[in-house]
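**Student:** Below are the sequence and a predicted model; questions follow.
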Amino acid sequence: MRPFLADLHVHTVLSPCADDLMLPRGIVAAALRRDLSLVGICDHNASENVAAVQAAAVQTGVSVLAGMEVTSREEVHVLALFPDLEVAAAWQGFVYGHLPLLPNNERAFGVQLVVDERDEIVSVDERLLLTATNLTLAEIAAEVDRRGGLAIPAHVDRPAFSIISQLGFVPPDLAVPALEVSARANPEEPRAIHPSLAGWRLVQSSDAHFLGQVGAARTLFWLEEPTFAELRLACRGEQGRRIEYCWGRG
Ligand SMILES: [Zn+2]
Ligand SMILES: [Zn+2]
């Protein structure tokens, strides 16, 4: 087993709030500069730029994971990571079926671009992505798990769109393998964030909206190789794979 650095929460130009330079080639270059072996592409309620970032990363040694940052009915942000593009595409269809069909307000939120691996614009997603689905947090956790994915509530220490800001605490029976703390959290003091974090496996990621933020917060995973299957084992604490930042239930 070897240590691999991961940033599981990176946005692209498909997120209206992300910088215009969050394009596949730049993201991969930034990941290489930060020694990342694994990068999770997690746009708001969308995964249509994952394939382009994966293609831009071919033969670089960076493993790009298919993901999404889903917004639950309670307005909790949840990272959903999947084994491959096919599962992620099916999940995308499922999420679109649970998002209100409203147009994006580009002036208020920003433009949502689908791009290819050469950073060329393929299309503009005109659907409102920066909104909540009608899926509960528990439904998202169960459905992602059923598809062989990983559901990880995002930036639990943030004062908005987090499980603690929306629910007040982390339900002890929530069926997720790990929680994410934000780049600003001190990994030495998870309990200072909230007592209900005691005992949970934690990962830390950047939530990068700008190239300079990619890898600004990272998690060290002990894995056989940098793949989704290995990451899933580590997040679940199985077969000796593990998260280095781990307090409590290991
Ligand atoms: Zn978020
Ligand atoms: Zn985010």
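**Tutor:** Structure received. Numbers count the residues shown, from 1 in each chain. Ligands and ions are numbered 1, 2, ... in the order given.
**Student:** next helix or strand past the helix or strand bottoming out on mean pLDDT in the chain?
**Tutor:** Ranking every helix and strand in the chain by mean pLDDT, DSSP states H and E puts helix 190-193 at the bottom, with a mean of 72. Next helix or strand after helix 190-193 toward the C-terminus (DSSP states H and E): strand 202-204.
**Student:** Was I right to think L85 contacts E48?
**Tutor:** No - L85 lies out of contact with E48 (CB atoms under 8 Å); the separation is 10.3 Å. C-beta here means a position set from N, CA and C on the backbone, and glycine is covered the same way.
**Student:** In terms of packing, which of the two has more residues around it?
**Tutor:** E48 (22 against 14; other CB atoms under 10 Å).
**Student:** Let me know the pLDDT of the more buried one.
**Tutor:** You'll see E48 listed with a pLDDT of 97.
**Student:** hang on, W91 in a helix?
**Tutor:** Yes - W91 forms part of a helix when assessed by DSSP: H, G, I helix; E, B strand; the rest coil.
**Student:** Which residues are in contact with it?
**Tutor:** For W91, the contact set (CB atoms under 8 Å, 6 or more residues apart in numbering) comprises 47, 68, 80, 82, 144, 147, 149.
**Student:** I'd like the distance between the closest residue to ligand 1 within the chain and ligand 2.
**Tutor:** Going by CB to the ion, ligand 1 is nearest to H77 of the chain, at 3.5 Å. The spacing between H77 and ligand 2, counted by CB to the ion, to the nearest Å, is 6 Å.
**Student:** State the pLDDT value of that residue.
**Tutor:** 98.
**Student:** and the nearest residue to R242 once chain neighbours are set aside, what element?
**Tutor:** Sequence neighbours aside, W222 is the residue nearest to R242 in space, at 5.0 Å (criterion: CB to CB, 6 or more residues apart in numbering). With elements taken from DSSP H and E, the one containing W222 is strand 219-223.
**Student:** in the chain, which segments are predicted with low confidence?
**Tutor:** Low-confidence segments of the chain (pLDDT under 70): 187-188, 190-191, 245-250.
**Student:** need the residues of the protein near ligand 2, please.
**Tutor:** 69, 207 (CB under 5 Å from the ion).
**Student:** Stretch 140-147: which residues count as buried?
**Tutor:** By neighbour count, and taking 16 or more other CB atoms under 10 Å as the criterion, the buried residues in stretch 140-147 are 140-141, 143-144, 147.
**Student:** Filter those residues down to the ones in strands?
**Tutor:** Counting by DSSP state E, no part of the buried residues of stretch 140-147 is found in strands.
**Student:** What is the nearest of those to L197?
**Tutor:** Using CB to CB, A141 comes nearest to L197 of the buried residues of stretch 140-147, at 16.8 Å.
**Student:** what's the neighbour count on the spatially closest residue to the closest one that is not a sequence neighbour?
**Tutor:** Spatial nearest neighbour of A141, excluding adjacent residues (CB to CB, 6+ apart): A151 at 4.6 Å. For A151, the count of nearby residues is 23 (other CB under 10 Å).
**Student:** in the sheet, who's paired with A151?
**Tutor:** Beta-bridge pairing for A151 (DSSP bridges): A80.
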